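Asks: Generate a structure from the sequence data that follows.
(chains A and B, ligands or ions: 1)
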Amino acid sequence: MIAENNILNAVQEAFKVEGKVIRERRVEVFAKKDEVSSILLFAKVQHGYIHLAHVTCIDWIEDGDFELVYTIYNPELKITLFVKTRIDREAPVMENIDGIWDQANTYEREMREMYGIEFPGLIGDHEFILEDWDEMPPMRRDFDTNEYAGETFFQQPGREDAKDVRGEVCERSGEVIPDFAKKYSRD
Amino acid sequence: MIEANDKETQGVVDYIKNFIRKHSIFMLAYGTGCGAIELPATLTSRYDAERLGIRGAATPRQADVLLITGYLSTKTLKRVIRVYEQMQDPKYVIGFGSCTINGGMYFDSYNTINSLAQYIPVDIYINGCMPRPEAILAGFEELQKKIQKGEADNGTKYQENIEWYRANQKKIIKNWRMPDYNW
Ligand code: SF4
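Replies: Below is the predicted model of the structure:
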């Protein structure tokens, strides 16, 4: 765990951020919103974290926050570093980092579409995966997909009661439900 | 397939026409969902669908059967409608997998349709998630029976009820930029 602690200490010395070693080869730091790009650049240039594995967003609707997680990877040490930050859910704006890694552009466009996070200066169409979408961004937790699907698409009858029909099916085809499968019954 | 042989109710020309149609099914497999992975197995040497007269077509205009293999997002549905309208009569649609029947496990998703038959007429459904190649072949056999009986006439049904289908399609495809046909 020496290498893990080394990278954590290096980031903490330079930026005074909280962080911990989660386990072998997993390190995470919690940064403020405007420190993120500096930390990423620092890790990339000085510590060999050359690979941006993923950028993702978590909707903490209870706290009124979006959490952004930047996952970067050092192929030499084989250590993953998570840089986490929280931004305000009401007016979500985050710095655009596709100057550091080009592929961040894709993740950011997706987050813009799915969560409504704005990245000033981000190049690319606003329409990315969805077409003609005019509702709330669909991955937000306050978007009720079930209700939306019920109103928009034609529901086939028979879904509402979610009845367990395995008994009937077995009867029809002359089979028996094996014991191990009975515990999955919904009734 | 002897039982489908009802020369009494069909004229000779119809009978021959249907007999020929049922034995040369050119299929356009629109691999929309995960179920498409069963098609290579169906078409290649293990199950060898061609021995039953089923083979792939290169373009919609050359195809008889449109095989929709799984869930359709609204974005894909647009393309499917376009493909379906390009096909020549007689044309048949097979809905493959529970996603085309009632949405399958994506029934509450925000961008996959739940019931294919509301947008284009479906001749045969093959249920299962995902159906095995045997089920596909069984589905085609059903379709062949239907064709022989002369019951598979959904291309005409689509033309006759085009307003109803269009209304359903336009309900979810908001930005309608497709050509309007007058057959
Ligand atoms: S029915 Fe099952 S296998 Fe087929 S597309 Fe839907 S989820 Fe995939």
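Asks: how about the residue in chain A that chain B sits nearest to, secondary structure?
Replies: Minimum separation of chain A from chain B (C-beta to the nearest C-beta) falls at residue A:156, amounting to 3.6 Å. For every residue, glycine as well, the C-beta is placed using N, CA and C. On the three-state scheme (DSSP: H, G, I helix; E, B strand; the rest coil), residue A:156 is labelled coil.
Asks: any idea which helix or strand comes after the longest helix seen in chain B?
Replies: Scanning chain B for the longest helix, with DSSP state H as the assignment, gives helix B:133-149. As assigned by DSSP states H and E, the chain's next helix or strand after helix B:133-149 is helix B:154-160.
Asks: buried residues in that following helix?
Replies: Neighbour-count burial for helix B:154-160 flags B:154, B:155, B:158 (criterion: 16 or more other C-beta atoms under 10 Å in any protein chain shown).
Asks: Burial check on the residue nearest to the residue of chain A closest to chain B when sequence neighbours are not counted, number of neighbours?
Replies: Nearest residue to residue A:156, sequence neighbours excluded (C-beta to C-beta, 6 or more residues apart in numbering or on different chains): residue B:102, at 3.6 Å. By other C-beta atoms under 10 Å in any protein chain shown, 19 other residues sit near residue B:102.
Asks: which among the buried residues of helix B:154-160 gets closest to the ligand?
Replies: residue B:154 (21.6 Å; C-beta to the nearest ligand atom).
Asks: Can you give me every residue that contacts the nearest residue to that closest one once chain neighbours are set aside?
Replies: Of all residues not flanking residue B:154 in the chain, residue B:121 sits nearest, at 3.8 Å (C-beta to C-beta, 6+ apart). By C-beta atoms under 8 Å, 6 or more residues apart in numbering or on different chains, the contact list for residue B:121 reads B:93, B:154, B:157, B:158, B:165.
Asks: Now do the lengthiest helix in chain A: everything it contacts.
Replies: Ranked by residue count under DSSP H, the longest helix found in chain A is helix A:2-15. Contact partners of helix A:2-15, identified using C-beta under 8 Å, 6+ apart, comprise A:17, A:19-21, A:24-27, A:29, A:31, A:35, A:38-39, A:42-43, A:46-47, A:74, A:77, A:79, A:81.
Asks: Quick check: buried residues in it?
Replies: Neighbour counts over helix A:2-15 (16+ other C-beta under 10 Å) mark A:3, A:4, A:7, A:8, A:11, A:15 as buried.
Asks: could you give the mean pLDDT of it?
Replies: Helix A:2-15 comes out with an average pLDDT of 91.
Asks: Repeat that for stretch A:115-126.
Replies: So the average pLDDT for stretch A:115-126 ends up being 90.
Asks: So for it, what gets flagged as buried?
Replies: For stretch A:115-126, burial by neighbour count (16+ other C-beta under 10 Å) applies to A:115, A:116, A:117, A:119, A:122.
Asks: Next: stretch A:99-117.
Replies: The neighbour-count criterion (16+ other C-beta under 10 Å) identifies A:100-101, A:104-105, A:107-117 as the buried residues of stretch A:99-117.
Asks: Which of the residues you listed fall in helices?
Replies: Under the assignment DSSP H, the buried residues of stretch A:99-117 contribute A:104, A:105, A:107, A:108, A:109, A:110, A:111, A:112, A:113, A:114, A:115 to helices.
Asks: Look up how far residue A:29 lies from residue A:53.
Replies: The spacing between residue A:53 and residue A:29, counted by C-beta to C-beta, to the nearest Å, is 15 Å.
Asks: Mind checking which of the two has more residues around it?
Replies: More crowded of residue A:53 and residue A:29, by other C-beta under 10 Å: residue A:29, with 23 against 14.
Asks: Before I go, just wanted to say thanks for your time.
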